[in-house]
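Return atomic coordinates for the entry below.
(one chain, ligands or ions: 1)
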Amino acid sequence: MTTTATAAAAAVRDIPESHLDRALDLTYLAHHLAPAAETRAYHRALLARCTRVGAYEGDQLVGLVAAHPHTLSLPGGELPCAGLDFVSVAPTHRRRGLLTAMMAELWRRCAAAGQPLAGLWASESAIYGRYGFAPATEADRVEIDATVPLDLRIAPDPRPLRLIDPADAPALLDPLYEASRTRRAGRFRRDERWWRTSVLALDAPEDHPEGFGAPRVVVLGAPGETPGGYAVYRTRGFQEGSGAPGAVLVRELEADDAPAAAALWSYLTGIDLTTTVRAGARPADDPLLRLAADRDRVRITGTVPCLWLRLVDVPAALTARSWAAPVDLVLDLQDAELPANAGRLHLTADPDGATCAPTTATPDITLDARELAACYLGGTRLRDLVRDGLVTEHTPGAARRLDAALETEWLPFTGDDH
Ligand SMILES: CC(=O)SCCNC(=O)CCNC(=O)[C@H](O)C(C)(C)COP(=O)(O)OP(=O)(O)OC[C@H]1O[C@@H](n2cnc3c(N)ncnc32)[C@H](O)[C@@H]1OP(=O)(O)O
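Here you go, the predicted structure:
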């Protein structure tokens, strides 16, 4: 058990299993939540599987950072990733440096557990940049006018669509989801529990105040065939009280190719007694926007950062991903939080692999760890950050060359929201 004294005279140490309920009480206090018993039991089970770092004042738990043992897809591979969650400090103890002290301990845990990455969904964007995190994936919120089925510019895959029992979905859908992880960086490996308790969860009614029902799963392809795609969605009918029209809420839609996507969007926009299809998270390069014959019927209602990423071990992260083009550069990396990453790094990479080693050579680019995290999965262009004044390019064209090497065929995407 590690113990670190903080400036605030709290002690940072493990949260034992026997303190799980205290940890939940603290997180509900900090987040202003009062969940039903079922949701609390779900959170308890999640927290039990996490690395848990606590800040204690005497015997009182006043701070909490937890991390799930996730595996994140990268361009050309995957890496262990600490998925931060339940981050909470008691309102009586805020702004005394407790989160900072707990993060320092968490980095030690990541190193010990062999997790070169950390990721999270931020409650507020102002919190995590100082710890070296940056948004590495973004998602669009989409709303489709479905008063009549959406006309698409290509012929949909003609295979049959069938509704399957959500209980059968994890085994059938996981191979398709895994295929999507090899296409797109930024996605977490799921186990059956994740499918059942998150993607296909039968949420408590308070989680769906707008009256949406249980998840339904539609699959493209006849029984016994390998499906070409699927959608997980919920529906609601006309709402007597509010007068709100019937609607479809899409949690996830994965398709092998554009015709399969067309078949699934046609289906979702053609469900009777509904006039709107909403999707809470779609990739910015979703073919839907180009396929719609009448683009005015598909509205992007918001673009939100999804995964905030941190490169905990920069050389391990850079050598684990694939590279689209050859590059040979010296990076001058600033990392106040994790000084082991800081300094000059000679990066050589090509489609066959990469090396990354300390050097004393003259740097081509100076950047902070958070800017490298933003670009790491291919979702942000370094040259934009140079133009913004956030990254300094010493050798003209260096940022453009690094962008070409970091580029991915598909934009990174993280559909899950925790
Ligand atoms: C992945 C997740 O779980 S996201 C959920 C995050 N949790 C929440 O939003 C719950 C409510 N908030 C809290 O519990 C706390 O305010 C926390 C955890 C966000 C911050 O904890 P604290 O112990 O107050 O942070 P700490 O004192 O270490 O702050 C370090 C620095 O971050 C800044 N900071 C902390 N929280 C915020 C914030 N919400 N907005 C802006 N700046 C912040 C502090 O001002 C401080 O800056 P400084 O170093 O320049 O003085």
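
Packing partners of the helix or strand in which L84 is found?
Assessed by DSSP states H and E, L84 sits inside strand 77-89. With contacts defined as 3 or more C-beta pairs under 8 Å, 6 or more residues apart in numbering; DSSP states H and E, strand 77-89 has these neighbours: helix 20-31, helix 37-48, strand 60-74, helix 98-113, strand 117-120, helix 314-320. From N, CA and C alone the C-beta is placed, and that goes for glycine too.

Which of those has the highest mean neighbour count?
Among the helices and strands packed on strand 77-89, strand 117-120 has the highest mean neighbour count (mean count of other C-beta atoms under 10 Å), at a mean of 26.

returning to what we had before: got the CA coordinates for the strand holding L84 in CSV?
Provided in CSV are the C-alpha atoms of strand 77-89 (Å, rounded to 0.1, in the frame of the first residue of the first chain):
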residue,chain,number,x,y,z
GLY,A,77,-2.9,-2.2,-32.8
GLU,A,78,-4.0,-1.7,-29.3
LEU,A,79,-2.6,-0.9,-25.8
PRO,A,80,-3.6,-1.1,-22.2
CYS,A,81,-5.2,2.1,-21.1
ALA,A,82,-6.2,3.2,-17.6
GLY,A,83,-9.8,4.5,-18.0
LEU,A,84,-10.3,7.1,-15.3
ASP,A,85,-13.7,7.3,-13.7
PHE,A,86,-15.4,8.3,-10.4
VAL,A,87,-13.0,11.3,-10.0
SER,A,88,-14.3,13.1,-6.9
VAL,A,89,-13.2,15.4,-4.1
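
Next, the angle from it to helix 37-48.
120 degrees (axes from the mean of the first three to the mean of the last three C-alpha atoms, to 10 degrees).

Determine the number of other residues adjacent to E225.
Neighbourhood size, E225 [other C-beta atoms under 10 Å]: 11.

Identify the residue spatially nearest to it, adjacent ones excluded.
R159 (7.3 Å; C-beta to C-beta, 6 or more residues apart in numbering).

What strands flank the strand holding L84, and is each parallel or antiparallel?
Its sheet considered, strand 77-89 pairs with strand 60-74 (antiparallel), strand 117-120 (parallel) by DSSP bridges.

just to revisit the earlier point, let me see the contact set for the residue nearest to E225.
L220, G221, A222, E225, G228, A263 (C-beta atoms under 8 Å, 6 or more residues apart in numbering).

do I164 as well
By C-beta under 8 Å, 6+ apart, the contact list for I164 reads L172, V217, V218, V219.

change it to 7 Å
Shown in contact with I164 (C-beta atoms under 7 Å, 6 or more residues apart in numbering): L172, V217, V219.

Residues in a beta bridge with T51, which ones?
In beta-bridge terms (that is, DSSP bridges), T51 pairs with A67.

where does it land on pLDDT?
Model confidence at T51, given as pLDDT, is 98.

Correct me if wrong: it contacts R109.
Yes. Counting by C-beta atoms under 7 Å, T51 does reach R109; the two are 5.2 Å apart.

ok, back up a step: which of the helices and strands packed on strand 77-89 has the lowest mean pLDDT?
Minimum mean pLDDT among these: helix 37-48, a mean of 94.

what about that helix, near the ligand?
No. Shown here: helix 37-48 not in contact with the ligand (C-beta under 6 Å from any ligand atom), separated by at least 11.6 Å.

residues in contact with that helix?
Helix 37-48 is contacted by residues E17, L20, A23, L24, A66, F86, T197, A204 when judged by C-beta under 7 Å, 6+ apart.

quick one on the thing from earlier: can you flag which of the contacts of R159 belong to strands?
Within the contacts of R159, residues falling in strands by DSSP state E are L220.

what residue ranges in this structure score low on pLDDT?
1-8, 203-209, 417-418 (pLDDT under 70).

Which segments of it make up each domain?
Per the record, the chain has its domains at 4-115, 139-304, 313-406, by automatic domain parsing.

on that earlier part again, what separates the residue nearest to E225 from the ligand, distance-wise?
According to C-beta to the nearest ligand atom, to the nearest Å, R159 stands 40 Å off from the ligand.

One more: A349?
31 Å.

do A36 as well
Counting by C-beta to the nearest ligand atom, the gap from A36 to the ligand is 20 Å.

For that residue, what are phi and psi?
phi -70, psi 160 (degrees, to the nearest 10).

Burial check on it, number of neighbours?
A36, neighbours per other C-beta under 10 Å, totals 12.

For this protein, what lies in contact range of the ligand?
Neighbours of the ligand within the chain, by C-beta under 6 Å from any ligand atom: 30-31, 84-89, 94-100, 120-124, 126-127, 130.

same thing but at 5 Å, please
30, 84, 87-89, 94-95, 97-100, 120, 123-124, 126-127 (C-beta under 5 Å from any ligand atom).

ok so, going back, want to throw the contacts of I164 into a markdown table with neighbour count?
Shown next, in a markdown table, are these (neighbours: other C-beta atoms under 10 Å):
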| residue | neighbour count |
| --- | --- |
| L172 | 17 |
| V217 | 23 |
| V219 | 24 |
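
and whatever residue of the stretch 301-418 of the chain ends up closest to the ligand, how far is that from C110?
As assessed by C-beta to the nearest ligand atom, the ligand sits closest to W308 within the stretch 301-418 of the chain, at 7.8 Å. Using C-beta to C-beta, to the nearest Å, we find W308 at a distance of 15 Å from C110.

and if you look at A23?
According to C-beta to C-beta, A23 stands 19 Å off from C110.

A279 now?
33 Å.

which stretches of the stretch 201-350 of the chain form helices?
Here the stretch 201-350 of the chain has its helices, by DSSP state H, counting those that start in this stretch, at 258-268, 288-291, 314-320.

R400 and R381 touch, don't they?
No. R400 is not in contact with R381 according to C-beta under 7 Å; the separation is 8.8 Å.

Counting neighbours, go ahead and name the busier of the two.
Comparing R400 with R381 by other C-beta under 10 Å, the one with more neighbours is R381, at 17 against 13.

I figured the more buried one hits A405, correct?
No. Counting by C-beta under 7 Å, R381 does not reach A405; the two are 11.9 Å apart.

for stretch 90-104, the distance to its chain's centre please.
Centroid separation for stretch 90-104 versus its chain: 24 Å, with C-alpha atoms, centre = their mean, to the nearest Å.

same question, stretch 21-38
23 Å.

next one: stretch 216-226
Here the centre of stretch 216-226 is set off from its chain's centre by 26 Å, with C-alpha atoms, centre = their mean.

and L20, what is it in contact with?
R44, L47, A48 are the contacts of L20 under C-beta under 7 Å, 6+ apart.

Many thanks, have a good one.
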